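3D model of this:
(2 chains)
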Amino acid sequence: MAFLHAVSSSTSATKNVLKGKSLTPYLLLAPGLIWLVTFFIIPIFSLASTSTMVRPDGAQVGVYEQKLRFANYVDAFIANQDQYVRSFFYAALATILALAISYPLAYAIAFKSGKYRNILLVMVIAPFFTSFLLRTIAWTQILADSGPVVSTIQALPFVDELFRINNTSTAVVIGLAYNFLPFMTLPLYASLERIDPRTLEAAGDLYANGLTTFRKVTLPLSMPGVVAGTLLTFIPAAGDYVNAALLGNPNTKMIGNVIESRFFAVVDYPTAAALSFTLMATILILVTLYIRKSGTDELV
Amino acid sequence: MTTINAPMPSLSHRASRWFSRNLVRIYAALAFIYLFIPVAYTFAFSFNDAGKSNLVWQGFTFDNWKNPCGAPQVCEAVGNSLKIGVISTSLATALGTMIAFALGRYKFKGRTSTNLLIFLPMATPEVVLGASLLAMFLNLRINPSFWTIVISHVMFCISFVVVTVKARIASLDPRLEQAAMDLYANEKETFRYVTLPLVMPGIAGAALLAFSLSFDDFIITNFNSGTVSTFPKFVYVSAARGIPAQANVIGSAMFFIALIIVIVGQVVSRKRKKS
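From the prediction side, this is the model:
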């Protein structure tokens, strides 16, 4: 009820908007922003603080002291550079795969679905309602060595009997692309749906064939969706460790797996914190460069 | 030459258009199959007469559906997930909707930094969100518990609520509110009878999104849950030795419940539009 009251008083102040000086927007913002500062911003600083800690000689497991040891970052990176590079590589591959699957899908929903559009949109989100862990585990069993997919491929000529998908890097990338597919499809759909069909007709009237129309009109107009979709896929994929843990093998470990095991199995908080911090910084830099390059500010 | 050549481009044009039209449809159908294969697999294996390890098809049974709590600890985990989902969704929806109204209806100093603060949690990988929150709890000597899970879920759901509700507020026709004012409704009445009902579908959608994000979250939860079990945590832990078929029952049931809610929501909003 307090919430309703706060919102209702917001409308009563609408007329004062241009005059400014109203307290209402700040009252509306305060609770949520305080929550985000306390449980998102401050923890990031806490993480930074942990990342330079050192375990004193003879201290108990999990006890660390602040020594401002920045060399933790160097040590952590050198020890885990393979997993680090692999994370971004897998995430990039998964993003490209997801884009290749999602673009035609979003295109079909936006332009070819007629009255079934809403049903198809629900169908894109629907798999999300089954726990993503259950779906990933289902993939491990569908792609298992004795499963239907692998035995079919093995029956093909020129395919090695030892051919397998599960517990390979291929499986990890397929799993990552699958898991974040709706994050790619929905922004793509949103930007394609906004395109006025008359602009496509106009291109046709000007003697552009289907391919030219797509290349010169549809694709450029859908770029905000491509940018949003690739970011929403790439970011979680780079930090994911579930797919690598369930679908991969020890040689396909990603940085998320290392952070998780440093935290829980090894109880080496500083290394885990240094790796998390490096991951976040790298992603933020990549995202900033990418948004600048593609010239879309719509995201923020 | 021109008379012979003239129909050619239009014919090939038509043919290629026909082809591309159907190619896209076929492609979309394949993409949907890809999306739904694991869901169908999960559903099918919820009927597996498998005992503890649900890896190989053993025969058809309704037992798992009749007794979804049959496997140890499944229902305790689901109960925790539901409680956490309801509490975090209510809090995140309230806090996020307020922020969305502030952003959608006011000009104020600090708008850019507010937008950035909303955007950043969505641009941060879950593993970092989970690890940083746990680092803070460890540094403050707070033991992970049920409530630390709720805190973390509210944190990552707020941004999604803000984005969803803000989009709805932005799409409102301001003339509707002006009309209410012209008909002598005061600001409170306008909000109560015009603005709020119009924004409500956005708030409902945001709440559904927040709940499904919370219910399905594993990574952040895993970092901040200590010994408390949630449904995704239960599934992950039992994955090594094969998950019980009851987990498939819960997963499939959630799928159908959510689907029904979405479809009912669509039908209701369509009826409203007509009337």
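
all strands for the stretch 51-200 of chain A, in order.
A:53-54, A:65-66 (DSSP state E, counting those that start in this stretch).

what's near enough to touch the one residue in the stretch 101-250 of chain B that gets nearest to chain A?
Across the stretch 101-250 of chain B, the shortest distance to chain A (C-beta to the nearest C-beta) belongs to residue B:125, at 2.3 Å. From N, CA and C alone the C-beta is placed, and that goes for glycine too. Contacts for residue B:125 (C-beta atoms under 8 Å, 6 or more residues apart in numbering or on different chains) come out as A:235, A:236, A:238, A:239, A:240, A:256, A:279, A:280, A:283.

Briefly note if stretch A:168-187 comes near chain B.
Yes: using C-beta under 8 Å from any C-beta of the partner chain, we find that stretch A:168-187 touches chain B at A:178, A:181.

roughly how far out does that stretch sit from the chain middle?
9 Å (C-alpha atoms, centre = their mean, to the nearest Å).

what's the answer for stretch A:139-151, then?
26 Å.

and the end-to-end length of it?
15 Å (C-alpha to C-alpha, to the nearest Å).

cool, stretch A:27-46 as well?
Criterion C-alpha to C-alpha; first-to-last residue distance in stretch A:27-46 is 27 Å.

who in the stretch 51-200 of chain A is up against chain B?
Listed as neighbours of chain B in the stretch 51-200 of chain A under the rule C-beta under 8 Å from any C-beta: A:62, A:101-102, A:104-105, A:107-109, A:111-112, A:118, A:120, A:122-139, A:141-142, A:178, A:181.

Quick check: helices, which of those are part of them?
A:101-102, A:104-105, A:107-109, A:111, A:118, A:120, A:122-125, A:132-139, A:141-142, A:178, A:181 (DSSP state H).

Now the buried members of those.
For those, a burial check counting by 16 or more other C-beta atoms under 10 Å in any protein chain shown picks out A:101-102, A:104-105, A:107-109, A:111, A:120, A:124-125, A:132-139, A:141-142, A:178, A:181.

remind me which residues of the chain are low pLDDT?
No chain was given, so I picked chain A. Along chain A, the model assigns pLDDT under 70 to residues A:1-21, A:295-300.

could you do chain B instead?
Counting by pLDDT under 70, chain B has low-confidence residues at B:1-10, B:17, B:19-21, B:51-52, B:275.

who touches the most centrally placed residue in it in this structure?
In chain B, the residue lying closest to the centroid (C-alpha atoms, centre = their mean) is residue B:209, at 3.2 Å. Taking C-beta under 8 Å, 6+ apart, we find residue B:209 in contact with B:157, B:160, B:161, B:164.

got a winner among those for most neighbours?
Greatest neighbour count in the contacts of residue B:209, by other C-beta atoms under 10 Å in any protein chain shown, goes to residue B:161: 31 neighbours.

Surely that one and residue B:92 touch.
Yes: under the criterion of C-beta atoms under 8 Å, residue B:161 makes contact with residue B:92 at 5.4 Å.

Overlap of the contact sets of those two?
residue B:210.

can you pull out the strands in chain B?
For chain B, no strands are identified by DSSP state E.

how is it carved up into domains?
Domain assignment for chain B by automatic domain parsing gives B:1-71+B:245-275, B:73-243.

Highest mean neighbour count out of the strands of the stretch 51-200 of chain A?
Mean neighbour count (mean count of other C-beta atoms under 10 Å in any protein chain shown) peaks for strand A:53-54 among the strands of the stretch 51-200 of chain A, with a mean of 18.

how about the helices in the stretch 201-300 of chain A?
Along the stretch 201-300 of chain A, the stretches classed as helices by DSSP state H, counting those that start in this stretch are A:210-213, A:219-221, A:223-239, A:242-247, A:255-264, A:269-294.

coming back round to it: for chain B, state which of the contacts of residue B:125 is nearest.
Using C-beta to the nearest C-beta, the contacts of residue B:125 come closest to chain B at residue A:239, 2.3 Å.

which residue packs closest to that closest one, ignoring adjacent ones?
residue B:125 (2.3 Å; C-beta to C-beta, 6 or more residues apart in numbering or on different chains).

got the phi/psi numbers for that neighbour?
Backbone torsions for residue B:125, taken as degrees, to the nearest 10, come to phi -60, psi 150.
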